[in-house]
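Q: Give me a 3D structure for the following:
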Amino acid sequence: MKKFLKVLIVILIIAGTCFGGYLYISNKVKKNMDDYNQAWNRFNSEYVVKKETVVDYVKGSGEITSFNIEYLNEENYPIKDKYVKDGDTVSQKQKIMKIGGDYETKTLTSSINGIYFEVSGEMNRMTYAIYDTSDVGIEFSVDERDVVKLAVGQKAIVKIVVLNKELEGTVNYISKLPQSGKYKVRVNIPFGDDIKFGFGSTVKITVEEKTVLTVPYSCVEFIDNKYYVLKKENKVAYDSNDEYWNETRYMTEVQIGTISGNSVEIVSGLSEGDIVMGDE
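A: Coordinates of the predicted model:
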């Protein structure tokens, strides 16, 4: 009798394990199928193609700096006397320091208006520099798609992050030679007492503002280097399509333009009032 009970217990354990495994596998398969069906039937919301004003920006980031820095005593001659201290505001032709040896000395003056700084470098060697406060701004890099949109003289908005302050600036330099595939751009801003060199900043340059046909970003599919949308009238046929290798069979090819936030400009392929499908 005891032997029979042991055998029965073993059988019940094996049966329970098998049933648990079956439930796990079946639930896993069901989840995978649900995920697949959800991905395939992803167009579940309707949107009307409408006209909107979209703005095209070029953006960048960097640190506040001076684009005209005068370095003094780069030869590291002995300093006999100094007439200013670190952080002082200096003017053009003002005496800065006297350098030289026992037999010959030279007085160095500033050629610009700005702020005098002393910075300790390698091997405790000091760097003496004057930062021109009339030529201040932010330098950043853009790729070739953005550099063609820019021109010297364009207005820009520079935000100094730590101050939460926005200033209007002007593009004053665009490099014609790339470095590692990027082009340097400089934007000037007015210098103020609350600004310090090295402050992290962002820049935004409005390059175009226009009224165009738009759809939400979620409505546009990029397939085989082309852009497509699904019109409402083709949704049923699209969902029932069993040619999984031919996903675009019931979709409409479009040409897109500016992408602004969640809106995509439609250059061709749709008309105002068309209803297209997208995700929520």
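Q: Walk me through the domains of the protein.
A: In the assignment given by automatic domain parsing, the structural domains of the chain cover 42-54+211-278, 58-65+134-209, 68-132.
Q: what does the average pLDDT come to for the longest one?
A: Predicted confidence along domain 58-65+134-209 averages 96 (mean pLDDT).
Q: So what would you say the end-to-end distance of that domain is?
A: From the first residue to the last, domain 58-65+134-209 extends over 12 Å; the measure is C-alpha to C-alpha, to the nearest Å.
Q: starting at the chain centroid, how far to that domain?
A: With C-alpha atoms, centre = their mean, to the nearest Å as the basis, the distance from the averaged C-alpha position of domain 58-65+134-209 to the chain average is 13 Å.
Q: Not counting sequence-adjacent ones, nearest residue to Lys82?
A: Excluding the flanking residues, the one nearest Lys82 by C-beta to C-beta, 6 or more residues apart in numbering is Met97, at 4.6 Å. Every C-beta, even on glycine, is put in place using the N, C-alpha and C of the backbone.
Q: Please report how far the one you found lies from Ile69.
A: Here the distance between Met97 and Ile69 works out to 17 Å (C-beta to C-beta, to the nearest Å).
Q: now Lys155
A: From Lys155 over to Ile69 the distance is 25 Å, taken as C-beta to C-beta.
Q: Neighbour count for the two, which is higher?
A: Neighbours were counted for Lys155 and for Ile69 using other C-beta atoms under 10 Å; Ile69 has more, 15 against 11.
Q: Contacts only, for that one.
A: Ile69 makes contacts with 129-132, as judged by C-beta atoms under 8 Å, 6 or more residues apart in numbering.
Q: Of the residues you listed - the most surrounded one?
A: Ranking those using other C-beta under 10 Å puts Ile130 first, with 26 neighbours.
Q: in what helix or strand does that one lie?
A: Taking DSSP states H and E as the definition, Ile130 sits inside strand 126-132.
Q: ok, the next helix or strand after that strand: who's next to it in the sheet?
A: Taking DSSP H and E as the definition, the helix or strand that follows strand 126-132 towards the C-terminus is strand 136-142. On the basis of DSSP bridges, the sheet neighbours of strand 136-142 come out as strand 50-66 (antiparallel), strand 183-189 (antiparallel).
Q: buried sites along the shortest one?
A: Buried residues in strand 183-189, counted by 16 or more other C-beta atoms under 10 Å: 183-189.
Q: And the residues you listed, which is closest to Ile115?
A: Taking C-beta to C-beta as the measure, Ile115 lies nearest Ile189 of the buried residues of strand 183-189, at 15.6 Å.
Q: so who does that closest one touch?
A: Counting by C-beta under 8 Å, 6+ apart, Ile189 makes contact with 64, 136-138, 158, 167-169.
Q: What is the most widely separated pair among the residues you listed?
A: In these, the most distant members under the criterion C-beta to C-beta are Ile64 and Glu168, with 14.7 Å between them.
Q: between the two, who's got more neighbours?
A: Counted by other C-beta under 10 Å, Ile64 and Glu168 do not tie: Ile64 has more neighbours, with 19 against 11.
Q: Going along the chain, name the helices of the stretch 101-250 of the chain.
A: Counting by DSSP state H, counting those that start in this stretch, the stretch 101-250 of the chain forms helices over residues 144-147, 235-240, given from the N-terminal end onward.
Q: helices and strands around the first one, which ones?
A: Using 3 or more C-beta pairs under 8 Å, 6 or more residues apart in numbering; DSSP states H and E as the contact criterion, the elements in contact with helix 144-147 are strand 183-189.
Q: The same query, at a cut-off of 10 Å, please.
A: When contacts are defined as 3 or more C-beta pairs under 10 Å, 6 or more residues apart in numbering; DSSP states H and E, helix 144-147 packs onto strand 50-66, strand 183-189.
Q: Now the element after the longest one, going C-ward?
A: Using DSSP H and E, the helix or strand that follows strand 50-66 towards the C-terminus is strand 69-72.
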